[in-house]
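[1] Please find the sequence and the predicted model below.
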Amino acid sequence: MENTQDGTLGDWFKITVPYGIKYDKTWLMNSIQSHCSVPFTPVDFHYVKHLAQFFVQDASAASALKDVSYKICDEQNQKIPIFVNTSAVPYSVCNKLEPEKMEQLKLTISKRYDVSQKALDLHKIRFDPDLLGHGIIIVLNRRNCMTAILEIIKKNFPELLSLNLCKNKLYKLDCVSEITQVAPRVNILNLSKNELKSACELDKIKGLKLEELWLKGNPLCDTFPDQPTYISVIRKCFPNLLRLDGEDLPPPTVIDIVDMDIIKPCKESYKGPETLKNLVSQFLLQYYLIYDSEDRRSLLSAYHEEACFSLTVLFNSEDPALSSLCEYLKDNRNMKKVKDPDLRVQLLKRTNHDIVSTLCVLPKTQHDLNSYVIDLCVHTEMMLCFSVSGVFKEVEGNSQGPVYAFTRTFILSSGSDSSLCIVNDILTVGNAGTKEIQTAFSIPVPTPTFGSLPTLSTEQQEMVQAFSTQSGISLQWSQK
């Protein structure tokens, strides 16, 4: 078949990666290129729903790309399939701007470029009179339009540092994703007053090392329960971010790590039912001694770096006491009530720092260790899964709050150093029943203050100090 400049049906091939939305574009394309025996030029890379797609105009490259299928593994060691099909000419190619229109677009963009700041202002580019006067309509949601702009940036402004895309009615960032390769030095990006509905769109440009980002005026800003969650989610995409929507960001929460040998036992040490029982009991004792203390930050080392945590409030809209759980409702991930899938993702706390930061702002508590009911679900040499149910009350100064019921499911897994740490933590809270309230704290738990503790000998004081230093538990709790 005869080739033309733009190609005809049969010349072009569509390459599809199922669930490619999970992968960073740069990583995915570099991985495919390195495994492909024939060099190729990807055209019109974009994400559509859960797929990643691009086109090639080379039959030999298309054949070689078929052989790459299931040859690449992701971080979870899952093999990545690649599908190759014949295709019509890509939209951005068959609708490519004519040379005279490209020249006018280049002149218009040059007028909007600040050489000293290396900044390009494309806000409301569709309504630029220089373009409309020549019958040129640039809609950034159209791949051919964004492709034309990126081509001009690549040839003329590769040192670009700041890009303003405000007020362009952008509802997705597939077309913008190419900026990560065309102008990788961009560190200021203005996406305000567009139509972006999901923070997931930002994953498509997370290859940029942004220091300043503007998002206000997009529907996605209204999907967050509070400002800290908004900042946390955006920072996961851009960890170097210093300013968001014109406001300086607080520094990331830094929590000192205190090693906790009881919570992270050697996996060879828990063979046998009695040993398992003692191990779980030790874990719960130490975990809740710290959880109920004044400072929960020492729990950081108990969690894996990529651990997950979710909080659910047992919801009964007719329960008059529900308002007493308001401090927990803002993080409530109850799927019967949280219908928005993006909000569900945001409410799932990931990484040990995010989890402990969340735990630190929950109300101070006192748990009734005597109320615990423990169920060991699964145990292997690599994993330990169990749940604990019981009651607790909030403690604010000398005042005591109402009694609540809780269930917590922990999954502990073996790390690289053969120790166990928490990889998944699910907390469910609700109002306790009448019988639970009546029997709660029936066996007194001593308040950990120096005034209520017996006088210790010098040797005992040294033991307490040594235990406190090694475990990270306060002196009061160590003495108890």
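    Everything's here; your move. Numbering: from 1, shown residues only.
[2] residue ranges of the strands in the stretch 351-480 of the chain, please?
    All strands of the stretch 351-480 of the chain, identified by DSSP state E, counting those that start in this stretch, fall at 365-367, 373-379, 383-396, 399-414, 420-431.
[3] export the ones you listed to a markdown table and tack on mean pLDDT?
    A markdown table is the format used below for those (pLDDT from 0 to 100):
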| stretch | mean pLDDT |
| --- | --- |
| strand 365-367 | 91 |
| strand 373-379 | 86 |
| strand 383-396 | 89 |
| strand 399-414 | 86 |
| strand 420-431 | 90 |
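[4] out of those strands, nearest to Tyr303?
    strand 420-431 (4.7 Å; Cβ to Cβ). Placement of C-beta: from N, CA and C, glycine included.
[5] got the residue ranges for the strands in the stretch 151-300 of the chain?
    Under DSSP E, counting those that start in this stretch, the stretch 151-300 of the chain gives strands at 162-164, 188-190, 212-214, 243-244, 247-248.
[6] how about these in TSV, adding mean neighbour count?
    Shown next, in TSV, are the strands of the stretch 151-300 of the chain (neighbours: other Cβ atoms under 10 Å):
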stretch	mean neighbour count
strand 162-164	20
strand 188-190	21
strand 212-214	21
strand 243-244	17
strand 247-248	10
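[7] can you tell which of the strands of the stretch 351-480 of the chain is closest to Thr458?
    The nearest among the strands of the stretch 351-480 of the chain, by Cβ to Cβ, is strand 365-367 at 31.2 Å.
[8] For the closest one, what is the distance to the chain centroid?
    From the chain centre to the centre of strand 365-367 is a distance of 29 Å (Cα atoms, centre = their mean, to the nearest Å).
[9] Can you name the residues that contact Leu170?
    140-141, 176, 191, 194-196 (Cβ atoms under 8 Å, 6 or more residues apart in numbering).
[10] Over to Asp354?
    Asp354 neighbours (Cβ under 8 Å, 6+ apart): 232, 309.
[11] one more time with 10 Å
    The neighbourhood of Asp354, defined by Cβ atoms under 10 Å, 6 or more residues apart in numbering, consists of 229, 232-233, 235-236, 253, 303, 307-309, 348.
[12] Please report how far Cys65 lies from Asn187.
    Cys isn't right for residue 65; it's Leu. 34 Å (Cβ to Cβ, to the nearest Å).
[13] which of those two has more neighbours?
    Between Leu65 and Asn187, Leu65 has the larger neighbour count (other Cβ atoms under 10 Å), namely 24 against 19.
[14] what's near enough to touch the more buried one?
    13, 15, 32, 35-38, 40, 42, 54, 56, 58, 82-84.
[15] Could you do Leu220 as well?
    Leu220 neighbours (Cβ under 10 Å, 6+ apart): 191, 194-202, 230, 233-234, 342.
[16] again, only using 6 Å
    196-199 (Cβ atoms under 6 Å, 6 or more residues apart in numbering).
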